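# could you look at this predicted model? Sequence included:
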Amino acid sequence: MVFPPINRRKFIKRAAVVGVAAIAADSTLIEPDRPRLIRKEIALRRWPSRLDGFTIALLSDFHYDPYFSVHPIRSAVEIVSGLRPDLIALTGDFVSVPLFGNSAKGAADAEPCAQLLGKLRAPHGVWSVLGNHDVFSDADRVTNALHAVGISTLLNRSIAIEKDGARFWLGGVDDVLGGSADVPGTLRGIPSEEAAVLMAHEPDYADYVAGYPVDLQLSGHTHGGQVRFPFVGPLVLPALAKKYVWGLFKIRDLTLYTNAGIGTVELPVRWNCPPEITFITVRKSPSA
């Protein structure tokens with residue numbers, strides 16, 4: 001069988017169509033469902049020597065729905081369970097505010113999301129803070145759903161995490177965009193010489209947090225941009241997520257890690273930005 005010749009213009013056009021189709025399939029069917037495990041070692045000056053090697057699994061931005069994000073959430077829970085971290089930190093946005101209609105309807109996903117995350121276990125607890133979508137839908141419903149499966153929320157408060165005769169403090173602020181975050185209140189009562197880890201949904205809040213005795217801030221909110229173009233980066237980012245978009249940052253004495261999240265918002269699309277599980281090993285800084 002002899003095929004008719006294809007000129008250069010037609011070849012380029014067909015190749016472009018195939019390329020676009022491949023990218024579309026990857027960004028909607030493959031990449032959003034495959035969480036990537038990122039391991040980080042973070043050295044902190046005030047970290048207790050006896051807790052050198054303490055591990056934290058960080059997950060964020062679940063945006064539960066029964067069709068798309070349910071799959072990477074399930075995968076993430078399975079992966080984290082296999083890692084056996086000392087502590088698990090969940091930095092908000094368990095549900096999504098719908099684009100149209102009653103914002104409280106989004107909170108109906110709180111219970112199925114919590115049921116999945118309730119399978120997580122760690123010897124020093126599974127702790128959470130709320131994100132802007134949680135607060136702007138129904139904060140009480142989201143909080144109650146998490147508590148029902150044994151996940152505690154830290155809303156402008158801190159608790160001591162103790163192991164091997166040493167301790168650090170884990171704090172969490174209420175959502176910053178919701179207007180209720182209170183860093184001084186969260187840190188009240190923490191001895192000045194003891195290390196503090198703070199969960200705050202919005203990463204750019206770190207510029208404010210850096211004025212307080214906090215050693216490590218754990219955040220999400222950005223989704224890493226969700227769609228990232230080579231040499232350009234993300235085109236759309238939410239408020240308080242434009243400066244510290246993804247990864248590890250140093251702001252004066254504060255170390256910040258921004259997690260790229262598990263789910264998606266508005267469109268179930270990720271490209272060049274897969275869902276993320278961050279496995280953090282905290283070390284005592286050798287210079288301390």
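Sure thing, it's come through. Model, not experiment: these values are computed from the prediction.

# okay, and the helix or strand of this structure with the least pLDDT?
The weakest-scoring helix or strand in the chain, judged by mean pLDDT, DSSP states H and E, is helix 8-25 (a mean of 35).

# which element follows that helix toward the C-terminus?
strand 36-44 (DSSP states H and E).

# got the angle for the helix or strand that that following strand is followed by vs strand 36-44?
Sequence order places strand 54-59 as the next helix or strand after strand 36-44, per DSSP H and E. Counting by axes from the mean of the first three to the mean of the last three CA atoms, to 10 degrees, strand 54-59 points 140 degrees away from the direction of strand 36-44.

# so for this protein, the centremost residue is which one?
S60 (2.5 Å; CA atoms, centre = their mean).

# who touches the residue nearest to that one when sequence neighbours are not counted in this structure?
Closest residue to S60 apart from its sequence neighbours, by CB to CB, 6 or more residues apart in numbering: G220 at 2.6 Å. Just so you know, the C-beta spots here come from the backbone N, C-alpha and C atoms, and that holds for glycine as well. Neighbouring residues of G220 by CB atoms under 8 Å, 6 or more residues apart in numbering: S60, D61, T91, G92, D93, G131, H201, P203, T258, N259, A260, G261.

# contacts only, for the second one.
If a contact means CB under 8 Å, 6+ apart, then D61 has T91, G92, D93, G131, G220, H221, H223, N259, G261, I262, G263, V265 as its contacts.

# again, but for the fifth one
In this structure, D93 makes contact with 60-63, 131-134, 201, 220-221, 261, 263, 265, judged by CB under 8 Å, 6+ apart.

# one more time with 6 Å, if that's ok
D61, H63, G131, H133 (CB atoms under 6 Å, 6 or more residues apart in numbering).

# also the first one?
With CB under 6 Å, 6+ apart as the criterion, the residues that contact S60 are T91, G220, N259, G261.

# and it, how close does it get to F94?
Between S60 and F94 the computed distance is 10 Å (CB to CB, to the nearest Å).

# next one: the second one
Separation of D61 from F94 (CB to CB) stands at 9 Å.

# what's the answer for E193, then?
35 Å.

# quick one: which of the two has more around it?
F94 (32 against 7; other CB atoms under 10 Å).

# these two touch, right, that one and D65?
No: look at F94 against D65 with CB atoms under 6 Å: they stay out of range, at 11.3 Å.

# A260 and W246 touch, don't they?
Yes: if you go by CB under 6 Å, A260 and W246 touch, sitting 5.4 Å apart.

# shared neighbours, those two?
By CB under 6 Å, 6+ apart, the residues touching both A260 and W246 are G224.

# more neighbours: the two, which one.
With neighbours defined as other CB under 10 Å, A260 and W246 compare such that A260 has more, 26 against 22.

# which parts of the stretch 51-200 of the chain are strands?
54-59, 87-90, 126-128, 152-153, 157-163, 166-172, 196-199 (DSSP state E, counting those that start in this stretch).

# helices along the stretch 151-288 of the chain, start to end?
Assigned by DSSP state H, counting those that start in this stretch, the stretch 151-288 of the chain shows helices spanning 183-187, 206-209.

# quick check: which of those helices is buried the most?
Among these, ranked by average contacts under mean count of other CB atoms under 10 Å, first place goes to helix 206-209 (a mean of 20).

# counting contacts, what elements does that helix pack onto?
Contacts defined by 3 or more CB pairs under 6 Å, 6 or more residues apart in numbering; DSSP states H and E place helix 206-209 against no helix or strand at all.

# avg pLDDT for that helix?
Mean pLDDT, helix 206-209: 98.

# who's in contact with that helix?
V183, Q217, I251, L256.

# pull out the buried members of the residues you listed.
Applying 16 or more other CB atoms under 10 Å to the contacts of helix 206-209, the neighbour count classes V183, Q217, I251, L256 as buried.

# cheers, nothing more for now.
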